[in-house]
Each structure stands twice: as C-alpha cells, then as structure tokens.
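In: next comes the sequence, and after it the predicted model I'd like to discuss.
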Amino acid sequence: MPKGTETAHLFASGHTACSGCGQSLGARLVMRAAGRNIIATDATGCLEVFSSLYPFSAWEVPWVHSLFENSAAVASGIEAALKYLGKLDQVRVIAQGGDGSTADIGFGALSGLWERGQDVLYVCYDNEAYMNTGVQRSGLTPYGATTSTTPSGKLSFGKAQQKKDLPMIAVAHGVRYVATASVAYPFDLDRKVKKALGIIGPKYIQAYVPCPLGWRHDSALTIQLAKLVVETGIYPLFEYEDGKLVGVRKIGKKKPVEEYLRPQGRFRHLFETEAGKTEIARIQALADANIERFGLIEKPKDLQKPQDIIEKPAEKAAPTLRGFTPKELSTFDGRQGRPAYIAYKGKVYDISASPLWRGGIHQDQHLAGRDLTAELAEAPHGEENLAGLPVMGELLP
Amino acid sequence: MKVTTGAVGLPGTSRQNKTGSWRINQRPHFLHIRCTACDLCALCCPEGCIYGNGRNTYYSDYEYCKGCGNCAAVCPVDDIEMEPEKGGLPEGVFVFYDEEEFRHMSTA
Amino acid sequence: MVRKMLEGSQAVAQAVALCRPAVICAYPITPQTHIVAELADMVASGELKSVYVNADSEHSAASVCLGASATGVRTFTSTSSQGLLLMGEVLFNIAGMRLPVVLSCVNRAVSAPLNIWNDQQDSLSLRDSGTIQLYAENNQEAADLIYLAYRVAEDHRVLLPAMVCLDGYILSHAWEAVEIPTPKEVDAFLPPYSPLYKLDPEEPRTFGMYANPEVYTEARYMLQRAMEEAVTAIQEASHNFELIFSRPMPGILEEYRTEDATTVILGMGSLVSVAKDVADELRGQGEKVGVVKLVSYRPFPKEMVYEALKGASDVLVLEKGISLGSAGPLLLDVRSVLHGPHQPRVRGFVCGLGGRDVTRQTIKAALAEKELVDARFLDLKADLELEGMGQANRDRQPALARGARRKRAPRKEGINSA
C-alpha cells in the first residue's frame, strides 16, 4: 500500500452509501486522520445503516452503535472503562453522529459528556436534516431549506429558523477544542482531527457533508458545494481553543449565495417567486454577518477605517456666510491671480476652479466679480451649472 | 452465514460487497497526462477506491466505484474524465436470497 | 463473613463493592439514591477503585454502562420507577448486544399520579426487555442476589443484563442484620469478567449492527434461548453459593410449607414475608396453606413453577403490579404454565400499589375471595368516591367465568369450507 494511505481505508469500501455521499467521505477522512488506536461510537442514522448491515462492516476499528440519542453517553462509558484500564493515553475515543442525533435527540447526552469534561472527540456529520428517515428537518437544517417536514408551498418558504449554533454552545460548555470543517478541504479536516486528538478533554468538530439525495443535487457536485458553502460565508470554518478564537479559514474571493443555493433542489423554491428573492437576501445577510463576525475576508491595508470617513465631515463644518458689497465683489474678478467670484440670486459663488472662466472671463463676454443674475436668464444654459460650486457668501444690496 | 452472539461483526467485511455493480452510465477515466499526484482524487473519493503513488499512477478500483464523478470534478488539472460505462460490472452481493428461493417467492 | 446492621441500600452497595465493578454510573432518583451515594463515598475514600460517572439522565447512565461493558469491564447502575422506564430502551439494547450489565431496581410506583412509595410496576413493565429479574424478600437476599446476578449475567451461556429488585423503603430504607462475606469468599464465587467480544483496537469488532429480516429473527431466538439457559445457570450458581457462603440461596424460587398444601400463595419480594406469617397462622388452625416465593421472574422458570404448584387445588397470586387492560403480569405468567392434568384454580390479586401496606388482613381478604378473579384490587377504600363511577359500579371487578362456553352452530358447507 502506498505510503500515507495505511489509514485511508480504516473505513472500508463496499459500504452502501449513496453515490457521492458526503458523510461517507467525512467518516473515511476522520478515520484516516485518527488511525487504528481508537474506539468509535455512532448514532443511528445513515452512517451506521450503510456501514454495518450484518454481516458486512465497513469499520476496521472497534465500533459500537447503540441508539439514536446516546452516542455521546456510550462514548462516556468507553472513556470511563479505558480510564479504569489505564489505557486512555493509548486509545482515543471518537463519538460520531449526524446533525439530528447531535443537535436534537442526543443533545442532553452530549451536554452531559461535555459537562463532565471527559476525554472524547465528538464529530458531528452535518448534512442538515434527518436524512436516513427521508429528509426531515433538524435543529441544524439551514434557514429557507425545504425538507419533508418544512416543505415549501404557498404559505411556506421552507425552514423558518436558523441553524442551532452548536459550535458556540460547545464553547460555552468549556469544550477545549471546537472547530467547523468541510469535506471540500480534506487536509484541513485532517489537521483538525489530529489536533483535537492531541488535546485531553472534550473536543467537538462539526463537519459539513453534502447529501446528493436529500439536497437533490448532482452526485458529482459534493465537493464543489462543500467548497461553495465556505466561499459564500454561509458555513464559516473556524477553530476555538479553550474559549478563544484561534483560527479562521479566510475566503479568497467571496461568492454570492445564489451560486451555492441554485444547484440544490432543496432551495429551488427560492428562485421561483418574487418573495423568494427576499429570502435569498436574508440568506445573503446571514452569510455576510458570518464574514463580518469571523473576519473571513482580508481587508486591504490602505483601506480607511470607518472612523476616518465619519471624522472628515465633522471637520468640514459649513463656513459662516460672509456678506459681499458689490464693490467688494468686484475685487474678485479672476485677473492677475485673484479668485473669481460671481453673484447669482443673492449668493456669491467661487468659480475660480472652472475652466470656462479662465482669467475671469466667460465666453469672451461675461466678467467675474459681478452680479450675473440677469445675464444667466438669457444664457443658453440654466442655473444648474452653479450646482456644486462653493458658496462664499451673500451679496449685500 | 453465521449469526454471532449479539450479532457482533468482523472488521472490513464490507469489502465483500462489490458496489461497482451500482454503476449505471459513467465511470472515471484517468488520463495520466497532467497528473501532479496532489492526491485530491484519492482523498475526495467517498468509496476510498482510488489508489496511486506518484504522478500518473492514480486509478479507480472499478469493483467499488459508484461513478459519482467527484474525482473528475475535483482534479485541479482536469486529468480525470467521466467516460461512458464500458460494461463488465462486478457481481453485487445477493446476501439475502438463495437464487431458487428468490424465484420461488417471485410472482412473475 | 461479618454480620452487620445495615440499611437495605447499604447492603446492596457493599455487595456491589465486593464485586469490584470498573465503572459505576447512575442518576439520582428516590428511593434508590442511597445506594449510589454509598458507592460514591467508597470511591471517594479510596476504598473502592471504580471509575464513578455522574450521568445526565438514566438513559445516559445505562448507555454509559453499555459502552463500558462493551469495552470489556464490569459495570453497575441503579434506579427506580421513572428512571427505569427512561432507561428501558437501553436495557433492550444491552440485552440485544448480549452485555452483562448488572443493576439494582429499588421498586417504586410509576407516574401518574406521582408516587415515590413501593410497588413493582416499574420492573414488571420491563419484563419483555431481555433483562434477568431477581426479586429479594429481605436485605440479606438483596445483597446476595447481587453476587448471583454478576455470576449468572457474565456466564457465557447467558450474557444478558441482570436486575436485582428490592422493594423501595420497605427494604431499601429498613435496617436488618445482614451477613457480608469477605472479598476472598466473593472472589471464590465470582470469577473476573471475561468478555466474549469487546471493543479493542488490537482485535476490532463491530457492535450494534443493523440486521435485515433475514437474520433478525435468529438473533432474537438466541436471546430467548439464552434466557432458558439462564435458569440452569441460576440453579448451578445457587448451589455453588450455598457451598461457599453456607447460606441458603433460592435463586429460582423457594417453597414454604407447600408439601401437602391445598392452598398456595405465590408472590415476589417483601410481601412474601407477610404471606409466610399468614401461612403459619392458618397452619396453626389446621389449614393446609403454603407459600411459593418466586425469586427469578425473568427467566420465568416454567417447569419449576409447575412442579411447585401442581399439587395445590387453589393458587393465589399476589402482586404489586397490573398489566392495565389485562391482568397482573405475574398471574398471566403463572396461569400460562398450569395446563397439565392437575389444574389448580389460579386467581390473581393486585395489592400494595403506591406504598399501600400489604398486611395479614390483605392476604386474608384474598383467601376469602370466592370468584375466579385475575386482577382483583385488594384494599380498595370504600369511603373514597371515584368520579364517574356510581357506588354500585365502582366495586364491580369482573371475574372470568371459566368453562362457560357459547354453543356454536355447526359450519355450513360453502365457499370457505375445505
């Protein structure tokens, strides 16, 4: 076997996942990163169904599936047993589950595991719905997505709530390492798993895994969608260590959310009505908020800080209007380097900068330093030409 | 087939199931022209059935390949193309039915 | 062997400690909490070298034990009532995976209405789970059945979870003299746990697989056979227990003054002590009354129950439970084995629910009953009005009129005749 691939098949071929399944890829990458010296648990869901149909098992590592809501609790028990046997430093415990079993039905057990501070890495494979039972919404289904229990229709545009922010809930529990990942960035996921396994205590990785069947997209788009979800800012990739944000994956060129939403049948309804555009805008706003919150886009160095722009108008306080007598105005005739002013309808304008008033004369006819109200009335143009000219004062009678 | 106590299974036995039998109309063709051995195709295969060691050595094990097309989509130098299925699919595992019993059950 | 004055929960805790479980995981619920608090004390003092995990729920507590047991070590949990029901799903799972988790159930009534006092509705309602159920009459048995539970559960012919049931408050919070063996004696009776399969990177296995119709039936059949083997395993272990500890161990059932009895009272748990008192009293008056104490409810020892009851003409099953819509679970099980040539009348009585005392009067009222009942509620209070039931209606507890068959008309020839 080629070097570096020894662990690439700890999740073996021959499993019955759908063609292009993101979760099977996620599991294989996690096992590849983790190696042989682990014990893994799994919750009821697609992964356990397609990997453990008796007598065929895709797991080359010790693995146990119990129920839907107790992957974290079973992992707790394994950790306790390894602690008793004095093997916790050699053997790592990895608990796995889908988004439904992690965020919803298994939430209590997961919180218990975290609160007890046990040495377990929990990996949530987030395909954003209860897929194995036929695409029902979960707490991690994104805003606006169609599922069989949040279908779009005349009165609905899909799921009305945003994703439950599990990573921040993990941070609030004091989970030592919290990271999001995507199967489009396998090296990143690999690094995160390895990093997590090097930390003692509870760890949480939420891995985004597309589902061609549930999301209704081409099986060849699995990796591409997993990339777009990051490049739009919808799924920010970040790492927290002991409560501090220590890393984000920056977006090079931000993609608009439409590019991510359009290829998926579960969002198609958003493109079919005018009202859908509002929803897409909302999704764009959510993505932009993520970009802002995590600083996902590099700002160029010479970009002014927002404060500069606010300060300048304050400096540019409107000057007090000065009164000009006709005699005083006549001294501003634009000759011999003097400024050129004209008066119109009681206001005195500075026309020095205008190329049409070189030397204080306009069209070889009109002279600066005078009240041109009557002459402008006969001009081929109107007073709109005065717009934007600095007002220097008022013409006194 | 033996039913063990507690239906406990043996590791890696899924390899008996040749999922290549699933392919319908396409499979990956590795051109071996521009390959840089970046390993992305092997990494991104959900089946884990792409192998390679060095430039222009990568291939898909058609016994397991389901023809999803992600390897071709992900190759940064476009050295993988999806080509029409050339036939000769492996036999899938018919665990569940004895051929005779299956026919007997059929109403056809 | 040391004789101590112990609260029932202490007796159980000390027995568990002597079995040295690697992982103890529980969630508090009245009235079992004393057991796990006692064990926590022992761990904190260094006296017991277990890893003690505080669960976030009973479902998680049982799941922690599942995971630890699958990793190949001895485990223990304890619960009651709602907690047992909450971990019900996990017990089915543990049994299906053939893991020998041992737990104690301090029997308590189930909600609604809420009630913390004793009855056996909790454990009886999980009789289908594949968990061995052993019922203690007194604190000595509560402790002794723990050693027996580990020994039988871990037997490779069995490999099932085992639950020791003791009546809440009546036993758990009562002080009795209990003999506690030495570690050496316990080790002589209980060998270290040697799992058949376990989670080990050296030899990976896949637990909790998905089974299609093609194999699922066989897996469940194997469970039923394991339960049958458990009867043998319990009997063998009981004999061995008596040899090592020099104390009686009726692991399956105990017969009290049944040799020539025409009337036999059958029950489980602490009410058997009262039944024995009634039997003694009536024997003193010349009546041939005996008592059968059933210890192993699951597996239900069909042949032994039959042998113990076949000589009687009248069997009264008293139980602290009811399968709502049918009869008492114990009654149903007992009736199911009495279809031989000797057919005592078997009648069922429900008593002691929600902590209502089972007294000699209770049992005598059962003996005085003439009808062929299968779920006669004893001790119903006459002075309580029950909404929706008129006075005439409220005491109407239908009896089964056995033998009254409707005459059927002979079948006519037609399309459906053979």
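Out: The structure has been received and is ready for your questions.
In: C-alpha from now on. contacts and neighbour counts both.
Out: Fine.
In: so who does residue 34 touch?
Out: Unless you meant another one, I'm taking chain A. A:Val193, A:Lys194, A:Leu197 (C-alpha atoms under 8 Å, 6 or more residues apart in numbering or on different chains).
In: meant chain C actually
Out: C:Ser9, C:Gln10.
In: let me know the helix or strand that it is in.
Out: Element membership of C:His34, judged by DSSP states H and E, is helix C:33-44.
In: neighbouring strands - and their directions - for whichever helix or strand comes after that helix?
Out: Once the chain leaves helix C:33-44, the next helix or strand it forms, by DSSP H and E, is strand C:51-54. Strand C:51-54 pairs in its sheet with strand C:23-26 (parallel), by DSSP bridges.
In: mean confidence (pLDDT) on the partner strand, please.
Out: The average pLDDT for strand C:23-26 rounds to 98.
In: contacting residues around it?
Out: Strand C:23-26 is contacted by residues A:77, A:80-81, A:84, C:36, C:50-55, C:57-58, C:61-62, C:64-65, C:68, C:73-79 when judged by C-alpha under 8 Å, 6+ apart.
In: buried ones only from those, please, as a ChimeraX command.
Out: Those of the contacts of strand C:23-26 that count as buried under 16 or more other C-alpha atoms under 10 Å in any protein chain shown are selected in ChimeraX with:
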select /A:77,80,81,84 /C:36,50,51,52,53,54,55,57,58,61,62,64,65,68,73,74,75,76,77,78,79
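In: A:Glu298 reaches A:Lys250, doesn't it?
Out: Yes - A:Glu298 is within contact range of A:Lys250, at 7.2 Å (criterion: C-alpha atoms under 8 Å).
In: those two: which has the busier surroundings?
Out: Using other C-alpha atoms under 10 Å in any protein chain shown as the criterion, A:Glu298 and A:Lys250 rank with A:Lys250 on top: 19 against 11.
In: could you find the closest non-adjacent residue to that one?
Out: Nearest non-adjacent residue to A:Lys250, counting by C-alpha to C-alpha, 6 or more residues apart in numbering or on different chains: A:Leu296, 4.5 Å away.
In: kindly report the same for C:Ser57.
Out: Using C-alpha to C-alpha, 6+ apart, the closest residue to C:Ser57 is C:Tyr27 (5.7 Å).
In: just to revisit the earlier point, mind putting the contacts of A:Ala34 into a markdown table with pLDDT?
Out: Formatted as a markdown table, those follow (pLDDT from 0 to 100):
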| residue | pLDDT |
| --- | --- |
| A:Val193 | 98 |
| A:Lys194 | 98 |
| A:Leu197 | 98 |
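In: returning to that earlier point: can you count the residues close to the residue nearest to A:Lys250?
Out: For A:Leu296, using other C-alpha under 10 Å, the count is 22.
In: A:Leu270 now?
Out: 24.
In: give the contact list for it.
Out: Contacts of A:Leu270 by C-alpha under 8 Å, 6+ apart are A:Gly144, A:Phe157, A:Gly276, A:Lys277, A:Glu279, A:Ile280.
In: can you pull out the strands in the stretch 101-250 of chain C?
Out: Ranges of strands within the stretch 101-250 of chain C are C:102-107, C:132-135, C:162-167, C:175-180, C:206-207, based on DSSP state E, counting those that start in this stretch.
In: for these, which one sits closest to A:Asn37?
Out: For A:Asn37, the closest of those is strand C:206-207, at 14.8 Å, according to C-alpha to C-alpha.
In: hmm, that closest one in reach of chain A?
Out: Yes - legend: contact between strand C:206-207 and chain A by C-alpha under 8 Å from any C-alpha of the partner chain is shown at C:Thr206, C:Phe207.
In: who touches that strand?
Out: A:52, A:57, A:59, A:62-66, B:6-11, C:97, C:199.
In: what do you get for stretch B:18-37?
Out: With contacts defined as C-alpha under 8 Å, 6+ apart, stretch B:18-37 is touched by A:14-16, B:52-60, B:62-69, B:71-72, B:77-85, B:89-93.
In: report the buried residues of that stretch.
Out: Buried residues in stretch B:18-37 (16+ other C-alpha under 10 Å): B:Lys18, B:Thr19, B:Gly20, B:Ser21, B:Trp22, B:Arg23, B:Gln26, B:Arg27, B:Pro28, B:His29, B:Phe30, B:Cys35.
In: from those, which ones fall inside helices?
Out: In helices, judged by DSSP state H, none of those are found.
In: list the contacts of the residue nearest in space to the middle of chain C.
Out: Against the mean C-alpha coordinate of chain C, by C-alpha atoms, centre = their mean, the closest residue is C:Gln133 at 3.8 Å. Counting by C-alpha under 8 Å, 6+ apart, C:Gln133 makes contact with C:Ser123, C:Arg127, C:Ala162, C:Met163, C:Val164, C:Cys165, C:Ser296, C:Tyr297, C:Arg298, C:Pro299.
In: is it possible to mark the buried ones in these?
Out: Buried among these by 16+ other C-alpha under 10 Å: C:Ser123, C:Arg127, C:Ala162, C:Met163, C:Val164, C:Cys165, C:Ser296, C:Tyr297, C:Arg298, C:Pro299.
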